[in-house]
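K.L.:
Quick one, structure for this:
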Amino acid sequence: MIDYAEYEKQREVITTANKKLLAEFEQWLRSSGLSDKTVANHVENIDFYINEFLLYEDVLEPRDGVDEVSEFLGYWFIRKAMWASRSSIKAYGASLKKFYAFLLEKGEIEKDELDDLKETIKEGMPEWLATLDRYDDPSVEDVWRI
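P.N.:
Model (predicted):
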């Protein structure tokens, strides 16, 4: 783990790069004919993922976050996002698939990484939704038990 000053410096560099990347992602989404509302939702979701989650404890660039989706949707998002719901978990899954398809087109990730991400989301979604249900149920004592 890096010291706090170094973490802050690296975080600032990545956050600045992420602004440009988000603008490019927004243009990419618009070029596919999505509505303004849908584009805004995807960009907002990815902004949270790359600027909050990926920079929360460590400093990860978006391309390095392709393997972190299960940790995000199955645990971190449920605990940290007050708006976590069944529909928001599904929406973030859709946004992440679009974002990493965009990164594939940019040459930032490999096709097998995108394929693995899609498979992870498909296979993990039922468990993540069940975890959310347990987390929201006050009668459940150990919400993280599978």
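K.L.:
rest of the way, CA atoms for contacts and neighbours
P.N.:
OK.
K.L.:
which secondary structure elements does the lengthiest helix in the chain contact?
P.N.:
The longest helix of the chain (DSSP state H) is helix 4-31. Judged by 3 or more Cα pairs under 8 Å, 6 or more residues apart in numbering; DSSP states H and E, the packing partners of helix 4-31 are helix 36-48, helix 86-105.
K.L.:
Where does the prediction get shaky in this protein?
P.N.:
For the chain, the stretches with pLDDT under 70 are 1-2, 145-146.
K.L.:
From residue 59, how far out is the residue in the chain sticking out farthest from the centre?
P.N.:
Computed with Cα atoms, centre = their mean, the residue of the chain farthest from its C-alpha average is residue 139, at 29.0 Å. As judged by Cα to Cα, to the nearest Å, residue 139 and residue 59 stand 36 Å apart.
K.L.:
now do residue 10
P.N.:
As judged by Cα to Cα, residue 10 and residue 59 stand 7 Å apart.
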